[in-house]
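>>> just coords:
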C-alpha cells in the first residue's frame, strides 16, 4: 500500500514538473483543433469568483476568524488575522449553489457551523493539503488541462497536485484519495466526469462546507461560445453524499482560459511554506517568536498539545455521522 502510494505521488510530481515547463498550446493558426472529434479543452484555466471563500451566498465580513466588536452584531477580526487587514477579509458573493442552500442533515449542519468557527485549525488549504474535487477547480490559482484520446490530465498550481480522468477501463486505486477516482465520457460537446473514491478529508471552501467518504460527484464541462477559441467553459458539479446531505445538490460557474502570451503553469509547492505552522512546536528552540509594527506587537508562544497523540497531527479528522 505504501509503495503504491509512493509510486502514484512520484508520478504526479513528474507530470507536474513536465507540465510546468511547457506552455499550454493547443491551437493551429489561432484555432483550436478538435481531438478525436471532441472539443479541445487543453490549456491553462482559472476561476474568477468568490467560491473558495464560501459556495453559498454571503455578505462581506472582516475576516475568516472574527470576534464580537464594540457594537453587538458588529464582528471585528480576531487576534490571529487582525494584522492582515483587508487582505484577510472575505468578499461577499451571490453564491454558486443551485437553490441557494446546501441541504445538510441536522448533525452535518451543526458540524459545518463548528468547522466555520475552527477554520484556522481545520481547513486543509491552510496547511497545504490537497483540496480535492470540486474545490480544486475554483481555487484562486490556475490549473492546466492536457487532453489526449483516452485520458485527460489536470495539473493544479496549488500544492503541485493533479488528477487524471480516464476514458478507458482501468483498475481503481487500492485506497481512497483526496481527488477520488474519475471516469469520463462525452455527451455531445460536453465532457462529463463521474468521480467516487474520496477519503472524506477535504472541504468545499473556507466556510467549512464538507462531505464524507461517501461523496459522489458528476461534473460537466460545456464549451461557452465559439469552439475555435473557447475562452470559457460552463462548469457544473452535482454533489451527492447520503451520509451528510438530504439530497443531491449542484454548483455552477464559468471557468476562463488564460490567453496571455506564453500562458503556462508555475509551481506553487506550498508544503514547505507551512512547515513552521505544522511542526514548529517540535523545534528545540522556537524560531518564530515576535513581530511588531508601529501600532501592533505580536508575540507567538508554541505549545505541545495536551494529548500526546496530537503531537504530530497535521489534519482534522471528522467525527463519524450518527447511524
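Received it, and whenever you're ready, just let me know what you need. This is a predicted model, so every value here is computed, not measured.
>>> rest of the way, CA atoms for contacts and neighbours
Fine.
>>> ranking helices and strands of the protein by mean pLDDT, which lands last?
Taking mean pLDDT, DSSP states H and E as the measure, the helix or strand of the chain with the lowest value is helix 2-21, at a mean of 42.
>>> for the helix or strand containing residue 116, buried residues please.
Residue 116 belongs to helix 106-117 when assigned by DSSP states H and E. Buried positions in helix 106-117, judged by neighbour count with 16 or more other C-alpha atoms under 10 Å: 108-109, 111-112, 115-117.
>>> name the residues of the helix or strand following that helix that are buried.
Remark: after helix 106-117, the chain's next helix or strand is helix 119-122, criterion DSSP H and E. Across helix 119-122, burial judged by 16+ other C-alpha under 10 Å covers 119-120, 122.
>>> pLDDT averaged over helix 119-122 - what is it?
On average, the pLDDT along helix 119-122 is 92.
>>> how deep is the closest residue to residue 153 other than its chain neighbours tucked in, by neighbour count?
Excluding the flanking residues, the one nearest residue 153 by C-alpha to C-alpha, 6 or more residues apart in numbering is residue 164, at 4.6 Å. When counting by other C-alpha atoms under 10 Å, one arrives at 19 neighbours for residue 164.
>>> what of the one 5 residues further on?
The number of residues packed around residue 169, counting by other C-alpha under 10 Å, is 8.
>>> please apply the same query to the one 5 residues further on.
Residues contacting residue 174 under the criterion other C-alpha under 10 Å number 10.
>>> tell me the phi and psi of it?
phi -70, psi -10 (degrees, to the nearest 10).
>>> how close does it get to residue 163?
16 Å (C-alpha to C-alpha, to the nearest Å).
>>> now for residue 40: which residues touch it?
26, 32-34, 147 (C-alpha atoms under 8 Å, 6 or more residues apart in numbering).
>>> who touches stretch 105-115?
With contact meaning C-alpha under 8 Å, 6+ apart, stretch 105-115 is reached by 122, 207-210, 244-246, 321-322.
>>> residues near residue 305, how many?
Residue 305, neighbours per other C-alpha under 10 Å, totals 12.
>>> ditto for residue 69
12.
>>> can you give me the strands for the stretch 101-250 of the chain?
Counting by DSSP state E, counting those that start in this stretch, one finds strands in the stretch 101-250 of the chain at the ranges 143-147, 151-156, 161-166, 181-187, 190-196, 216-224, 232-240, 249-257.
>>> the shortest one pairs with which strands, parallel or anti?
It refers to strand 143-147. In the sheet, strand 143-147 lines up against strand 43-46 (antiparallel), strand 151-156 (antiparallel) (DSSP bridges).
>>> all good on my end, thank you.
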